[in-house]
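Novice: What would the 3D arrangement of this be:
(one chain, ligands or ions: 1)
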Amino acid sequence: MLLNRRTIRKYSSEPVEDKLLNDLLQKACRASTTGNMQVYSVIITRDPSKKDELAPLHFNQSMVTEAPVVLTFCADFNRFNKWCRLRNAAPGYDNFLSFFTAAIDALLVAQTLCVAAEAEGMGICYLGTTTYMAHKIIEVLKLPEGVVPVTTITLGWPGEKVEQVDRLPLEAVIHNETYHDYSAGDIDKYYSEKEKRADSQQFMKENDKETLAQVFTDVRYTKADNVHFSQILLGVLKEQGFMNQ
Ligand SMILES: Cc1cc2nc3c(=O)[nH]c(=O)nc-3n(C[C@H](O)[C@H](O)[C@H](O)COP(=O)(O)O)c2cc1C
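Specialist: Numbering: from 1, shown residues only. This is a model prediction of the structure:
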């Protein structure tokens with residue numbers, strides 16, 4: 001099942017029953033969690049009007065309004081901090097390390113839910129737009145201090161059949177014992193298949209680029225965007241109390 005998986009962006013009209021969703025969430029919350037603190041929360045969005053509010057924050061990707069369920073996974077120290085304070089314990093989690101810890105916890109829950117859902121034959125799509133628009137998502141989902149959305153998935157029954165996309169060969173990403181840095185020859189070897197693919201050639205043509213790498217650097221993930229959204233995200237971390245206040 002894991003070797004055959006692929007992202008699903010179109011969903012059938014079949015509903016996702018509450019019982020099934022609950023079962024998936026139960027399984028997801030069995031994921032490893034730092035110190036068993038469970039410093040995460042998951043926001044379920046089913047209400048079409050709430051999806052309409054979220055859609056523009058995910059750059060109007062159609063999955064947000066079309067999927068029966070949207071799940072926003074949040075790094076969350078709010079609940080744990082409250083527990084500490086109510087139990088005469090002074091929390092020291094207003095820092096970047098704690099955010100990162102909570103983000104790891106949230107992502108482990110997200111990925112475990114995805115694997116559990118796909119094992120049931122369901123389809124998922126991650127939305128990277130969550131970290132770009134965290135400041136607005138915080139408003140729509142009413143996230144208090146100590147809570148930062150780190151990723152979103154759309155979930156439903158597959159409404160499309162899609163080809164699997166490529167991966168680099170395993171040897172390109174695995175290192176035995178210590179890191180083996182890449183020579184220009186290694187890069188040529190590991191990326192040549194990806195570069196030769198018809199879909200890659202199409203991407204280059206559509207975007208009028210000489211190389212596939214330029215499609216990433218100049219179109220899909222530009223420096224200007226990365227710097228802009230980094231600044232916003234750093235502001236969010238400060239606002240939500242994770243920058244050593
Ligand atoms: C953190 C993360 C963010 C992603 N964001 C988006 C997104 O915003 N929109 C989208 O269509 N796919 C998104 N994806 C899905 C990837 O495009 C997809 O996993 C990748 O192209 C490989 O395809 P596959 O999952 O079918 O193997 C995201 C995946 C990850 C892990």
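Novice: There's contact between Y190 and P169 in this structure, I believe.
Specialist: Yes: contact criterion CB atoms under 8 Å: Y190 and P169 qualify, at 6.3 Å. C-beta here means a position set from N, CA and C on the backbone, and glycine is covered the same way.
Novice: Excluding chain neighbours, what is closest to A110?
Specialist: Leaving aside its sequence neighbours, A110 sits nearest to F73 (CB to CB, 6 or more residues apart in numbering; 4.3 Å).
Novice: Same question for G92.
Specialist: G92's closest residue in space is S98 (CB to CB, 6+ apart), at 7.9 Å.
Novice: And the one you found, how far from V115?
Specialist: 26 Å (CB to CB, to the nearest Å).
Novice: N207 too?
Specialist: Separation of N207 from V115 (CB to CB): 33 Å.
Novice: do the same with F99
Specialist: F99 sits 25 Å away from V115, going by CB to CB.
Novice: Between the two, which has more neighbouring residues?
Specialist: Ranked by neighbour count (other CB atoms under 10 Å), F99 and V115 place F99 first, with 23 against 16.
Novice: what about dumping the CA coordinates of the helix or strand hosting that one to CSV?
Specialist: According to DSSP states H and E, F99 maps onto helix 96-119. Listed next in CSV are the C-alpha coordinates belonging to helix 96-119 (Å, rounded to 0.1, in the frame of the first residue of the first chain):
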residue,chain,number,x,y,z
PHE,A,96,11.4,28.6,19.3
LEU,A,97,12.5,25.1,20.4
SER,A,98,9.1,24.5,22.0
PHE,A,99,7.4,25.6,18.8
PHE,A,100,9.6,23.2,16.8
THR,A,101,8.8,20.4,19.2
ALA,A,102,5.1,21.0,18.9
ALA,A,103,5.3,21.3,15.1
ILE,A,104,7.1,17.9,15.0
ASP,A,105,4.3,16.4,17.2
ALA,A,106,1.6,17.9,15.0
LEU,A,107,3.2,16.6,11.8
LEU,A,108,3.6,13.1,13.2
VAL,A,109,-0.1,13.1,14.0
ALA,A,110,-0.9,14.4,10.5
GLN,A,111,1.2,11.8,8.7
THR,A,112,-0.1,9.0,10.8
LEU,A,113,-3.7,10.0,10.0
CYS,A,114,-2.8,10.1,6.3
VAL,A,115,-1.4,6.6,6.4
ALA,A,116,-4.4,5.3,8.3
ALA,A,117,-6.8,7.0,5.8
GLU,A,118,-5.0,5.7,2.8
ALA,A,119,-5.0,2.2,4.3
